[in-house]
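Have a look at this prediction, sequence included:
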Amino acid sequence: MKSIHSSDFKIGLLGGGQLGRMMLQKAYDYNLHIAVLDPNPKAPCYQIANEFVVGNFKDYDTVLEFGKDKDVITIEFEDVNSDALQALENLGVKVFPQAKALKTIQDKGLQKQFFTQIGVPTSPYFIAENKEEITAKATKYPLFQKLRTSGYDGYGVQKIANANDVQNAMEGACMCEEGVEMDKELSVIVARNENGEVKQFPVVELEFNPIANMVEFLFAPAHIPQSIEQKAQEIAAKIISELDMVGLLAVEFFLSKSGELLVNEIAPRPHNSGHQSIEGNYCSQFDQHIRAILNLPLGNTAMVKPSVMVNLLGEEGFEGNAIYNGIDEIMALDGVNVHLYGKAKTKSFRKMGHVTIVAETLEGAKSIAKKVKETIKISA
């Protein structure tokens, strides 16, 4: 049997973005050999991967050829060719998350239907093929239209405020869900290995940029009752177990003003809502993902200290070579940990890095996070 620490044991990673980069940084603590496939020759992983292959992870033949000599294949981005991953599984390659689970998650319609099937609470929704069908099926506004495939980070999502607004809806097969009177947006990262061991991270609270519809701040722990914490943990464990999925799963929730906890959507990989775990928890989400796909014991997910994560987004209106203004100033602050993603070019609201602040109290971390947000500006 091959040792996972030997260069003969090959792990393939589909996607070479910042999530992959942070995964690689942890993987090398275990002396793992990882090859990366990404269409961008200058993707964040290219500088540090053992092997970097330029190729389209949505192309069947490219993914199949890349994976044939690998012992394990995993992902850092779910919009990949799951048919090729199924073929690799049939050839005996271990693929985590498995192709069957990935196919369900890739399609926002199938994902919602799965929640209904297993009895997980989610907002009312319907599936439509076009604008005419949205008009015919809609009974309440506002609606949030999500393209069934290839949407992420706020892309492929659009608010439909009223019946007249349907004319501005996106073209294509979609899932439409009713708006929720929301108190908070929450997230739980959960992991499962081949032995069936499951561990969840504590619930975190998310605050979004209102223009870009992307996470701007993350607060750990979330300011919620213990009953909501427990329910969210139970739901996350149920979803990953019912999917029979191995790997890491981010479960995003809406907490309504009436106190109802609803699953928004899931992502089968490390996630922006788990970044603070690098410094804020005993085991990071990237460590846990590696442990899960290699069937190692899962790590301790408890918090070390309260933490806040600040996403570093490209300033609106700037595009070109990235200039990071204010990094020196914030590095002088206690508890500040800077993570830049190796992206040479910036553009409006592009994720360029993140900063995690750990402190004795959450309020203390929030105070420093506010200074970080005011100080760092990424321009061109």
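Looks like it came in fine. Numbers count the residues shown, from 1 in each chain.

what's the spacing between the residue nearest the centre of the chain and Ile134?
Among the residues of the chain, the one closest to the centroid is His271, at 2.6 Å (CA atoms, centre = their mean). Separation of His271 from Ile134 (CB to CB, to the nearest Å) stands at 29 Å. Any C-beta I mention is one placed from the backbone N, CA and C, and that applies to glycine too.

Apart from its chain neighbours, what residue comes closest to the residue nearest to the centre of the chain?
Among residues not flanking His271 along the chain, Ala250 sits closest, at 3.4 Å (CB to CB, 6 or more residues apart in numbering).

If I follow the layout properly, the one you found ends up in contact with Ser277?
No. Judged on CB atoms under 8 Å, Ala250 makes no contact with Ser277 at a distance of 11.4 Å.

and the residue nearest to His271, what helix or strand is that in?
strand 247-256 (DSSP states H and E).

Show me what that strand is packed up against.
strand 182-192, helix 226-242, strand 261-267, helix 285-293 (3 or more CB pairs under 8 Å, 6 or more residues apart in numbering; DSSP states H and E).

and the angle from that strand to helix 285-293?
130 degrees (axes from the mean of the first three to the mean of the last three CA atoms, to 10 degrees).

pLDDT averaged over strand 247-256 - what is it?
Mean pLDDT, strand 247-256: 97.

ok, that strand: who's next to it in the sheet?
Here strand 247-256 is paired, per DSSP bridges, with strand 182-192 (antiparallel), strand 261-267 (antiparallel).

Can I get it in PDB, CA atoms only?
Below are the C-alpha coordinates for strand 247-256, written out as PDB (Å, rounded to 0.1, in the frame of the first residue of the first chain):
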ATOM      1  CA  GLY A 247     -15.100  15.800   2.100                       C
ATOM      2  CA  LEU A 248     -16.000  19.200   3.300                       C
ATOM      3  CA  LEU A 249     -19.400  20.900   3.000                       C
ATOM      4  CA  ALA A 250     -20.400  24.500   3.600                       C
ATOM      5  CA  VAL A 251     -24.100  24.800   4.600                       C
ATOM      6  CA  GLU A 252     -25.500  28.400   4.300                       C
ATOM      7  CA  PHE A 253     -28.600  29.400   6.300                       C
ATOM      8  CA  PHE A 254     -31.100  32.200   6.600                       C
ATOM      9  CA  LEU A 255     -32.300  33.000  10.100                       C
ATOM     10  CA  SER A 256     -35.700  34.700   9.600                       C
END
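
And that strand, what's buried?
Using 16 or more other CB atoms under 10 Å as the test for burial, strand 247-256 gives 247-255.

if we can go back for a sec, quick one: residues contacting the residue nearest to the centre of the chain.
Counting by CB atoms under 8 Å, 6 or more residues apart in numbering, His271 touches 19, 187, 189, 248, 250, 285.

which two in those residues are spaced the farthest apart?
Using CB to CB, the contacts of His271 span at most 14.7 Å, a distance reached by Leu19 and Ser187.

most neighbours per residue, which of the helices and strands packed on strand 247-256?
Stretch with highest mean neighbour count among these: helix 285-293 (a mean of 26; mean count of other CB atoms under 10 Å).

Could you export it as CSV, CA atoms only?
Taking Å, rounded to 0.1, in the frame of the first residue of the first chain, the C-alpha atoms of helix 285-293 are listed here in CSV:
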residue,chain,number,x,y,z
GLN,A,285,-11.3,24.0,7.2
PHE,A,286,-8.4,23.3,4.8
ASP,A,287,-6.8,20.8,7.2
GLN,A,288,-10.2,19.2,7.8
HIS,A,289,-10.8,18.8,4.0
ILE,A,290,-7.5,17.1,3.6
ARG,A,291,-8.2,14.8,6.6
ALA,A,292,-11.6,13.9,5.2
ILE,A,293,-10.6,13.0,1.7
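
Would you mind pulling up the elements that the helix or strand following it packs against?
Using DSSP H and E, the next helix or strand after helix 285-293 towards the C-terminus is strand 307-313. If contacts are counted by 3+ CB pairs under 8 Å, 6+ apart, strand 307-313 sits against strand 215-220, strand 351-358, helix 362-375.

Make JSON lines out of those and add mean neighbour count.
Shown next, in JSON lines, are the helices and strands packed on strand 307-313 (neighbours: other CB atoms under 10 Å):
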{"stretch": "strand 215-220", "mean neighbour count": "22"}
{"stretch": "strand 351-358", "mean neighbour count": "23"}
{"stretch": "helix 362-375", "mean neighbour count": "17"}
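
Which of those sits closest to Leu333?
Across those, closest to Leu333 is helix 362-375 (CB to CB), at 5.4 Å.

Keeping just the C-alphas, turn that closest one into PDB.
Written as PDB, here are the backbone C-alpha positions of helix 362-375 (Å, rounded to 0.1, in the frame of the first residue of the first chain):
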ATOM      1  CA  LEU A 362     -15.700  39.300  19.600                       C
ATOM      2  CA  GLU A 363     -16.300  43.000  20.200                       C
ATOM      3  CA  GLY A 364     -12.600  43.600  20.400                       C
ATOM      4  CA  ALA A 365     -12.100  41.700  17.100                       C
ATOM      5  CA  LYS A 366     -14.900  43.600  15.500                       C
ATOM      6  CA  SER A 367     -13.300  46.900  16.500                       C
ATOM      7  CA  ILE A 368     -10.000  46.000  14.800                       C
ATOM      8  CA  ALA A 369     -11.800  44.600  11.800                       C
ATOM      9  CA  LYS A 370     -13.500  48.000  11.200                       C
ATOM     10  CA  LYS A 371     -10.000  49.600  11.200                       C
ATOM     11  CA  VAL A 372      -8.800  47.000   8.700                       C
ATOM     12  CA  LYS A 373     -11.700  47.600   6.400                       C
ATOM     13  CA  GLU A 374     -11.200  51.400   6.500                       C
ATOM     14  CA  THR A 375      -7.400  51.100   6.000                       C
END
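
Perfect, I'm done here.
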